[in-house]
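[1] based on what follows, work out the 3D shape:
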Amino acid sequence: MRRFGSRAVLGGQVLLVTLALFASRPAIGQTGNDSSASGAASSVGVKISEADDYTQWKQALNAERGTDPASFRIADGFQIELLHSAAEAEGSWVSMAIDPRGRIIVAKEERGLLRITLPQQSGDKSLVETIDDTLLECRGLLFAHDSLYANANNSKGLYRLRDTDGDDQFDESTLLYRSAGGAGHGRNDLALGPDGMIYSIHGDSVDLPTEFFDATSPLSEHRQGQLTREGHVLRFDRDGQKAEVFATGLRNPFGIDFNADGELFTYDADAEFDMGSPWYRPTRIVHVVRGGDFGWRGVTGNWPPYYPDHPDNALPAMDIGKGSPTAVKFGTRSNFPSRYRRALFALDWAYGRIVAVHLKPSGAGYSGAGYTGTAETFLQGRPLNVTDLDFGPDGAMYFVTGGRKTKSGLYRVRFVGGASQDDRAEATAEADQAGDAAARQARQLRRRLESLCEGDDAERALAEAWPELDHADPWIRYAARNAVEHQPLDAWRERALDETHPRRAVAALLALVRSPEADDLVAAASRVAELNLFELDEDRLEMATYVVERALAGEAGLQPSTNTALAERFGRLFPHAEARLNRRLSSVLIGLKSPDAIERTLQLLATTDDQTDQMHYLFVLRECREMNAEQRARYAATLGRMRQYQGGEGMPKFQRQLQNDWLATLTGDERARWQTMLAAEEPATLPPIEPRPEVRKWQAADLVGALDDVSQGRDLRRGQQMFAAALCVRCHRVGFTGAAIGPDLTFVARRFGRRDLLESILDPSKVVAEQYRTVRIVTVDGRVLSGQVLPASDYRSPKLRIAANAEDPADITELDKQQIETYETSLLSPMPQGLLNSLTRDEILDLLAFLESGGLAGVQK
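    Just a heads-up that it's a prediction; the model follows:
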């Protein structure tokens, strides 16, 4: 593998530092033979690009053997080998574990367990035995307490297998726990905790048990008799007699493991249906704390949508982005360099990769507000349908591929780098340990607060937990609030309402609004109306908005005086410098019917380029009947843009729902007119434009002195004609005019000054947003394609759409992502220079005036 500049070349393929592409055919590093390879790839980050193939795993459906590791990309100093390819009778594998004698146990996707004994001599074959033929789809396997524990998903239970007579065969199978519910997001991995307990992680298809002690808040929905769909962690003693709900609010976490500090982690899945929306939550690494509720509820597709991220959740963790999580494992038992022994290895089945996550302790946690760390693509292949991994007694990593009836293989990853590399890694790791002592103390305090959820001494629990409600560490604050919520409500309700310390008061009120009592919601919101919100930091301010959101959603309703006071106090803070707070404040102020909320939210809608922010503001404004004609035109301009939004399967539905909700607020004739305009399709081809002679090769200096004239009596109709004459209409949309290949310019004047706008037209490559850059692609059969990648309506599409001609938006090439050999981006804009050279000075000023009008000057009339 060669490197130059900021790019890495693998077998002829160019890798940008932000991409995770790789060549499927060229060998990497030392190819050796067809069963092993080593590489020298540096980290290229974990971002998935438009060209990464979500469907790469399908290439393993009809494969004759496991993927040749010579085609894999792997971190510097490591070597990978294919040890065994599954025979047809050995099925497809979904999990694995290593027994005390170093043998590999794999679970078949349909039924049964296999034991693989690797050969002692090179060239010999592996010995494969069936050790169980009854359990269905064991997604989790764990050797502990002289037993093999199996989370049998389609058998819907946790089983313990034992060899009672010493003949090396499991002759006893005991069901320890049967779980109700479905099997899609089902019974997944197992881990042995430092307390000797068995930890079992489930997806949101599995029903939460109601008969166990629940370490999560007793005020949450499932403790109030409501059936919720949420992934969760259970823990059992070795015999399955003592059981506890340890954490909830996950979606479909597959893997689970403890780090060297005894802290639990998982890699949770996203809801692909919601992709591109403000309620979408990416795949993410989660630090699973006792009592943590991470907010997910399985209501995907409902309308109005459910936002899973809110301030009463356990803290958010490190976002990985797109992916399909399977197993996780810390490198603690490996003989890898220290950097990797401390890393969490997370498997991504869909994109065929193993991600190494490097976490550093920060306060009582490792993520959220105190997160520090990095992630890298440790290993990637195509196909590489990774399902599980473990570390053997030799210190090597072993992993298996399979799932969805794809071909399975068993692989081994060894570190073969020199001692100098290991020494440098050790030195880096020692420097990383500097804050560990303080972090240990913080974790001890957090665990002590978590333990207060048990017991019946409410007075002692409140005395310990209450002062920590305003602790500087968010993990400790969360544990303290959870401990408070576990105490009888009557023991702390009045204390919450009477608390005078602003930061502590907000945390206590947040606990109070999680109660089922409507009167508590009203009382909490009324107390927020009395607080000086300027004394709150951003986290506490977000809590305060959420307290009011909960109250507004309640049935009791607020007093008019409370409503007015809240609108006045929150209105002083809106808009805010923080985008996340603007989302909260816009929702609250529109709910409170604050007089300026609509206009200020529309201004935010016009000034943001972020799709998810735009969609949120469209959502909160959709039922505002108070909008005037001009405001409705501005709203509709962005609503019409949603057809170009990139997202998951749900995006077209979200667009229809938003549009229908908004149209329902309009009267008959106006509704029909807007419905027609919003339904208008972009023409497949644009009419030809008559060529114009060159007037002058315009420079910015020629026009800067005349920019003030743009505001004085310009001809907007002629400006619209120049929008076409200068070919802008071919790629840009203004109001309801033009194509949507390049940036939408409807509200460009709210984001850029007049001079910046002029310079961007004269020099298109001066600043080019990443999504609008030109790409150069070479296919496996040698074709070369160049152009701009167009967003797909669904990012999982196996096709890549490329606009090859900036002057003809209909000239689009579709390419199968599996055919991509190399992918390179350019810093140059696909927009040609000199587009204004055929315009006169006055025509240019009219064009600028038209752009500043947003193309909406007459639409609302």
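[2] so where's the protein shaky on pLDDT?
    1-45, 367-373, 419-435, 681-687, 740, 792-794, 806-807, 809, 856-861 (pLDDT under 70).
[3] center of it - which residue?
    Pro282 (1.2 Å; CA atoms, centre = their mean).
[4] before we move on, what SS does Gln603 have?
    Assigned with DSSP: H, G, I helix; E, B strand; the rest coil, Gln603 falls in the helix class.
[5] any idea how far it lies from Asn660?
    25 Å (CB to CB, to the nearest Å). C-beta here means a position set from N, CA and C on the backbone, and glycine is covered the same way.
[6] more neighbours: which of the two?
    Gln603 (16 against 12; other CB atoms under 10 Å).
[7] list the contacts of the more buried one.
    Pro575, Arg750 (CB atoms under 8 Å, 6 or more residues apart in numbering).
[8] run a quick neighbour tally on Ser765.
    Ser765: 15 neighbours (other CB under 10 Å).
[9] heads up, I number from 53, so please use that
    I'll keep to 53 as the first residue from here, and by that count the last item is Ser817.
[10] if I pick it, what's in contact with it?
    Leu879, Leu880, Ser881, Met883, Gln885.
[11] rerun that using 6 Å as the cut-off
    Counting by CB atoms under 6 Å, 6 or more residues apart in numbering, Ser817 touches Leu880, Ser881.
[12] quick check: chain neighbours aside, which residue is closest to the residue nearest to the centre of the chain?
    Once flanking residues are discounted, Pro334 sits nearest to Asp371: 4.6 Å by CB to CB, 6 or more residues apart in numbering.
[13] which other helices and strands does the helix or strand where the one you found lies contact?
    For Asp371, the host element (DSSP states H and E) is strand 370-373. If you count contacts as 3 or more CB pairs under 6 Å, 6 or more residues apart in numbering; DSSP states H and E, strand 370-373 packs onto strand 335-340.
[14] what lines up beside the strand it packs on in the sheet?
    Strand pairing for strand 335-340, determined by DSSP bridges: strand 316-320 (antiparallel), strand 370-373 (antiparallel).
[15] could you dump the ones you listed to a markdown table with distance to Ala596?
    Formatted as a markdown table, these follow (distance: least, CB to CB, whole Å):
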| stretch | distance to Ala596 |
| --- | --- |
| strand 316-320 | 28 |
| strand 370-373 | 25 |
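[16] pull out the buried positions in stretch 701-714.
    For stretch 701-714, the neighbour count (16 or more other CB atoms under 10 Å) marks Gly702, Met703, Phe706, Gln707, Gln709, Leu710, Gln711, Asp713, Trp714 as buried.
[17] using the three-state scheme, assign the fourth one.
    Under the three-state scheme (three-state DSSP), Gln707 adopts helix.
[18] surely it touches Met694?
    Yes: contact criterion CB atoms under 6 Å: Gln707 and Met694 qualify, at 4.4 Å.
[19] now the angle from the helix or strand just after the strand holding Asp371 to strand 335-340?
    Where DSSP H and E defines the elements, the next helix or strand beyond strand 370-373 is strand 377-382. Counting by axes from the mean of the first three to the mean of the last three CA atoms, to 10 degrees, strand 377-382 lies at 50 degrees to strand 335-340.
[20] fine by me, we can end here.
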